[in-house]
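A.B. asks: Based on what follows, work out the 3D shape:
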Amino acid sequence: MTEKDLKDRRFYPAEQEAKFSSEDPSDTPQTRHPAYRLAFQDDEFLLREELRPVRFQLELLKPEMLLDEAGVGSTLVMYGSARIPSPEQAQAKIDAAKDGDDFEQKVAQRLADKAKYYAEAHKLAKLVSEKSIVEDGKRQFVVCTGGGPSIMEAGNRGASDAGAESIGLNIVLPHEQAPNGYVTPYLSLNFHYFALRKMHFLLRARAVAVFPGGFGTFDEFFELLTLIQTGKMKAMPILLFGKDFWNRVVNFEAIAEEGTISKKDLDLITWVETAEEAWAHIAEFYELDG
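C.D. replies: Presented below is the predicted three-dimensional model:
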């Protein structure tokens with residue numbers, strides 16, 4: 001930057017100012033005190049209760065900027081359990097419960113039976129990633145998962161096996177958790193706020209595949225249904241895998257019969273059992289070549 005250059009900025013960027021600060025040789029009670037730190041480099045300050053609105057903004061901005069810089073135009077979001085084993089692990093799940101009580105053995109068997117959904121999640125992610133759809137210079141239907149194990153791992157693994165990048169939106173939890181090894185490292189994002197994480201799931205979503213899952217999957221799935229039902233979000237394919245599972249745990253018809261939703265609200269859901277069925281519906285919805 002020169003004083004006579006009309007294009008250069010007059011003020012130093014924050015990165016340069018931070019460098020000046022770090023190179024300051026002064027060592028006095030004043031410069032050592034936390035009050036002297038630059039505000040944007042002061043972790044203790046940024047973590048204060050009063051700074052929650054700023055942290056919200058940062059958690060909204062960082063993923064949005066990184067995904068935009070990565071050329072991600074739209075996503076195929078995949079929701080599902082963190083407990084369903086892969087087909088390779090299904091028998092081990094049963095074996096591990098053989099010394100347990102009847103309930104534990106029944107649960108292990110039912111989880112093992114759902115390993116087919118790990119396979120379908122993997123197949124769908126691979127199939128969509130192999131399409132390599134690019135529009136307006138951006139990649140479309142980039143696989144996006146919660147970044148964890150099981151169904152999430154299957155999605156990222158399918159994209160990886162197709163030689164494609166995929167997104168993982170992890171969240172900090174009290175118990176140990178980490179991104180699965182198939183998430184593209186520079187698209188592996190971590191969240192503090194559930195609300196911001198759920199928002200980023202849907203900002204770029206053009207289709208959502210929902211597999212059998214627990215409270216987290218229910219939360220994400222029903223929020224999506226609510227957003228579309230109320231008109232806060234435009235319609236998109238919502239592909240629900242596992243009709244037997246879902247009709248066992250949720251009586252959708254009964255909700256309509258009770259009058260608390262309209263019968264036509266059930267049309268928001270498309271029932272599928274295979275990756276091919278799911279992609280066929282997405283392709284039909286968006287008038288894409290199969």
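A.B. asks: Show me where the stretch 51-200 of the chain has its helices.
C.D. replies: Using DSSP state H, counting those that start in this stretch, the helices of the stretch 51-200 of the chain run over 52-69, 90-96, 102-113, 115-131, 151-161, 194-203.
A.B. asks: Let me know the angle separating the longest one from helix 194-203.
C.D. replies: Between the axis of helix 52-69 and that of helix 194-203 there is an angle of 30 degrees, by axes from the mean of the first three to the mean of the last three CA atoms, to 10 degrees.
A.B. asks: I'd like the average pLDDT over helix 52-69.
C.D. replies: Here helix 52-69 scores 97 as its mean pLDDT.
A.B. asks: What of stretch 182-202?
C.D. replies: Stretch 182-202 comes out at a mean pLDDT of 97.
A.B. asks: With stretch 129-141 instead?
C.D. replies: Per-residue scores along stretch 129-141 average to 96.
A.B. asks: out of the helices of the stretch 51-200 of the chain, deepest packed?
C.D. replies: Mean neighbours per residue, mean count of other CB atoms under 10 Å, is largest over the helices of the stretch 51-200 of the chain for helix 151-161, with a mean of 27. In short, each C-beta sits where N, CA and C put it, glycine included.
A.B. asks: Which among the helices of the stretch 51-200 of the chain is found nearest to residue 287?
C.D. replies: Across these, residue 287 has its closest neighbour in helix 115-131 (14.2 Å, CB to CB).
A.B. asks: how far out from the middle of the chain is the closest one?
C.D. replies: Computed by CA atoms, centre = their mean, to the nearest Å, the chain-centroid distance of helix 115-131 equals 16 Å.
A.B. asks: Check stretch 120-140 too.
C.D. replies: On the basis of CA atoms, centre = their mean, stretch 120-140 is displaced by 16 Å from the centre of the chain it belongs to.
A.B. asks: Quick one: residues contacting the nearest residue to residue 60 once chain neighbours are set aside.
C.D. replies: The shortest distance from residue 60 to any non-neighbouring residue, by CB to CB, 6 or more residues apart in numbering, is to residue 196 (5.8 Å). The contact partners of residue 196, by CB atoms under 8 Å, 6 or more residues apart in numbering, come to 56, 59, 60.
A.B. asks: and the gap between residue 196 and residue 8?
C.D. replies: Counting by CB to CB, to the nearest Å, the gap from residue 196 to residue 8 is 35 Å.
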